[in-house]
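Peer 1: here is a sequence together with a model predicted from it:
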Amino acid sequence: MPINSITSVKKLRSNNARKEGGILLIVMLIMLLLAFLSVGFLRLGQVDMLETSGQLNHARAFWMAEAGLNELKAIITFDDNRRPLERYGLVGDDTAVLSRTIDGSGSYEVFVRAVAAENALDESAHYAIEVVGRSPGGAASVVVHSLVRLATVAEEVWMTHSEGNVSFADGDKLYGPTKTNGKFNIRGTPKIYGRASTGSSRVNYNDSRTTSVADPDVFLEGLSFGVPETDFDSDLIDDIAGQSGMAPVEGPAAIEFLADGRYVLTEDEITPAVTRMEWQRAHWERNGRRWRYVPAGYVEVVVEPERRTSLSTTNHIDNIGMPEIDDNIIYVNGDVSVKGEVGGSVSVVSDGTISIVDNIVYASAPALDSSGAPSIPIEQWAARDIEPGSDERLGLYAKEKVEVDFPDHRSGNEGRPVNIHAAIFVTEPPGGVSNAGFGTADRGSYLGLPYIHLFGSIVQYDRGTIGYSGGKGFLKDYHHDARFMFSPAPGSPSTVPVFKNWRMEYR
């Protein structure tokens, strides 16, 4: 073979080897790149899986926290449980008051702490709620916060369970929030100033109209239909009575309030016209939360507030603790009449009927004029007339009825108005009670278009008959005492708790 041919073959083989080495290097680089990409994709998958798992754990923790908050809501909004949360052992500092573990879902703990209201004048009960929800194994935690305020029963100027066949009519004026679980009956064009609401879907206008339209000449700030009902549990009266730090008064009795904060109590079995302080010193000794009745010639009787029980939507609450004792609650076992000038904060609770036998007004309110009406119209009262922080508050709570029964107005005083400063509350009456609620002892005895000037609130299960009809009865001039929303009269029951300021955080 020629030498040149051998040289050409060697060069060709050398070129081929170099090409094969380059290809191998490229293949190795591609394989390395694919390996890196595989590791990257695997890592991204792992991260995505971890993120998905974390999101799932946080979601589980969140819904466990919401479950705890909803359980607490179910307990304290249950009709029989509308009392300060301390009564149920539902308030603690650093101890969970409710806790649950649910297999496969997670767990929660509920913490409740009593807190002061942002408004310094707000004396209603406020609580800070903190619910810690955890995913299974505690991998993630979510905390839900909320505030709750126990609304008082006197947050409306007028509230009923049933209006029956009784109407608001021409000349009637209501200033403030108004509500009925039933249906409003309207005759003519009474004026309802303030938000109004009804559990019904219609209004009866007594002129052949029964409609779901709010008459703007009557409901000046509108009317909401189909709102949730408000509870009127008759046990609330017993609960208020159980808070009284005074000895029970046997009815029939009479109470005259004095401007200096005292009152004169006349009871069947004690000497008339004895001041509260003298009466307590003479007949009662206090020992802690117990009152000992030791009048001469009588067998000793020990009176203790009753310990009550209640069912609830969960098995956490089966006992209601002892209520806070309040010396400014007067419990009358029977009927009682009231009148006078109220110079302090006090409530009267009766198993029977409370009769208002003369004007009952706050000592610091504007004076009455010669006709017996407020010298300054109530809607023009300024803060200086009854200070927002004033301690003059009166609660009148009855099982059967609260009635106007002015003996002096039945002859020679036709048209003379009635003045009432109080929060009035009447629960569902026992069977056989006629004209229950807030009414009059004898409507036919009041002539000459007299007004009832109310500053406070009227809450009643059945609406009583008090209105003007056929030349007899009263017209209504009712004004809401907004102080009752934040600083109610002693023993005032609570209604639906108000939850607000919800927020969430991850831990």
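Peer 2: Perfect, thanks for sending it.
Peer 1: for this structure, where's the lowest mean pLDDT among helices and strands?
Peer 2: Ranking every helix and strand in the chain by mean pLDDT, DSSP states H and E puts strand 301-303 at the bottom, with a mean of 33.
Peer 1: after that one comes which helix or strand?
Peer 2: Next in sequence after strand 301-303, counting helices and strands by DSSP states H and E, comes strand 329-333.
Peer 1: if we look at that following strand, which residues are touching it?
Peer 2: 240-241, 243-246, 248-251, 253, 255, 265, 346-352, 490-491 (Cβ atoms under 8 Å, 6 or more residues apart in numbering). (Glycine included, C-beta is placed from N, CA and C.)
Peer 1: Ile356 contacts Val418, doesn't it?
Peer 2: Yes: applying Cβ atoms under 8 Å as the test, Ile356 and Val418 come out as touching, 7.5 Å apart.
Peer 1: overlap in contacts of the two?
Peer 2: Val404, Phe406.
Peer 1: so the chain: which segments form each domain?
Peer 2: As assigned by automatic domain parsing, the chain contains the domains 1-153+494-507, 232-491.
Peer 1: what's the local residue count around Arg262?
Peer 2: 15 (other Cβ atoms under 10 Å).
Peer 1: can you map out the helices along the protein?
Peer 2: With helices called from DSSP state H, the chain shows them at 3-77, 235-242, 276-283.
Peer 1: how about the strands in the stretch 401-507 of the chain?
Peer 2: 401-404, 418-426, 437-440, 451-462, 475-480, 494-506 (DSSP state E, counting those that start in this stretch).
Peer 1: ah, wrong one, I meant the stretch 51-200 of the chain
Peer 2: So, for the stretch 51-200 of the chain - with DSSP E, counting those that start in this stretch - the strands run 98-102, 106-115, 126-134, 141-152, 158-162, 168-169, 173-175, 178-180, 186-187, 191-193, 196-198.
Peer 1: what about these, which gets the closest to Ile75?
Peer 2: Closest approach to Ile75 among the strands of the stretch 51-200 of the chain (Cβ to Cβ): strand 98-102, 8.0 Å.
Peer 1: and the closest one, what does it pack against?
Peer 2: On a contact count with 3 or more Cβ pairs under 8 Å, 6 or more residues apart in numbering; DSSP states H and E, strand 98-102 meets helix 3-77, strand 106-115.
Peer 1: which stretch in these has the least confidence?
Peer 2: Lowest mean pLDDT within the helices and strands packed on strand 98-102: helix 3-77, a mean of 70.
Peer 1: still on that earlier bit, out of the strands of the stretch 51-200 of the chain, nearest to Glu505?
Peer 2: Glu505 sits nearest to strand 141-152 of all the strands of the stretch 51-200 of the chain, at 5.0 Å, using Cβ to Cβ.
Peer 1: ok, that closest one: who's next to it in the sheet?
Peer 2: Sheet pairing of strand 141-152 (DSSP bridges) gives strand 126-134 (antiparallel), strand 494-506 (antiparallel).
Peer 1: got CSV for those, with mean neighbour count, distance to Tyr108 and mean pLDDT too?
Peer 2: Shown next, in CSV, are the strands paired with strand 141-152 (neighbours: other Cβ atoms under 10 Å; distance: least, Cβ to Cβ, whole Å; pLDDT from 0 to 100):
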stretch, mean neighbour count, distance to Tyr108, mean pLDDT
strand 126-134, 21, 5, 90
strand 494-506, 14, 13, 82
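Peer 1: including distance to Gly194, could those go into JSON lines?
Peer 2: Shown next, in JSON lines, are the strands paired with strand 141-152 (distance: least, Cβ to Cβ, whole Å):
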{"stretch": "strand 126-134", "distance to Gly194": "24"}
{"stretch": "strand 494-506", "distance to Gly194": "17"}
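Peer 1: just so I know, which of those strands lies nearest Ser38?
Peer 2: The nearest among the strands paired with strand 141-152, by Cβ to Cβ, is strand 494-506 at 33.7 Å.
Peer 1: report pLDDT for the residue nearest the centre of the chain.
Peer 2: In the chain, the residue lying closest to the centroid (Cα atoms, centre = their mean) is Ala151, at 2.3 Å. For Ala151, the model assigns a pLDDT of 81.
Peer 1: quick one: it and Pro493 touch, right?
Peer 2: No: Ala151 is beyond contact range of Pro493, at 10.1 Å (criterion: Cβ under 8 Å).
Peer 1: overlap of the contact sets of those two?
Peer 2: If you check Ala151 and Pro493 against Cβ under 8 Å, 6+ apart, no residue is contacted by both.
Peer 1: for Ala61, give me its contacts.
Peer 2: Ala61 sits in contact with Gly106, Gly133, Arg134, Ser135, Ala140, Ser141, Val142, where contact means Cβ under 8 Å, 6+ apart.
Peer 1: if we use 10 Å, what do you get?
Peer 2: Listed by Cβ atoms under 10 Å, 6 or more residues apart in numbering, the contact set of Ala61 reads 105-108, 132-136, 138-144, 506-507.
Peer 1: pull out the buried residues from those residues.
Peer 2: The neighbour-count test (16 or more other Cβ atoms under 10 Å) marks 105-108, 132-136, 140-144 as buried among those.
Peer 1: looking at those residues, which is nearest Leu24?
Peer 2: For these, the nearest to Leu24 is Ala140 (50.6 Å; Cβ to Cβ).
Peer 1: roughly how far does the closest residue to that closest one other than its chain neighbours sit from Ala114?
Peer 2: Closest residue to Ala140 apart from its sequence neighbours, by Cβ to Cβ, 6 or more residues apart in numbering: Asn57 at 3.7 Å. Distance, Asn57 to Ala114, by Cβ to Cβ, to the nearest Å: 33 Å.
Peer 1: of these two, give the one with the bigger neighbour count.
Peer 2: A count of neighbours by other Cβ under 10 Å puts Asn57 above the other of Asn57 and Ala114, at 20 against 14.
Peer 1: which residues touch the nearest residue to Val346 once chain neighbours are set aside?
Peer 2: What sits nearest to Val346 in space, not counting adjacent residues and going by Cβ to Cβ, 6+ apart, is Asn328, at 4.8 Å. Applying Cβ under 10 Å, 6+ apart, we find Asn328 in contact with 243-246, 261, 344-347, 391, 393, 395, 489-491.
Peer 1: many thanks, have a good one.
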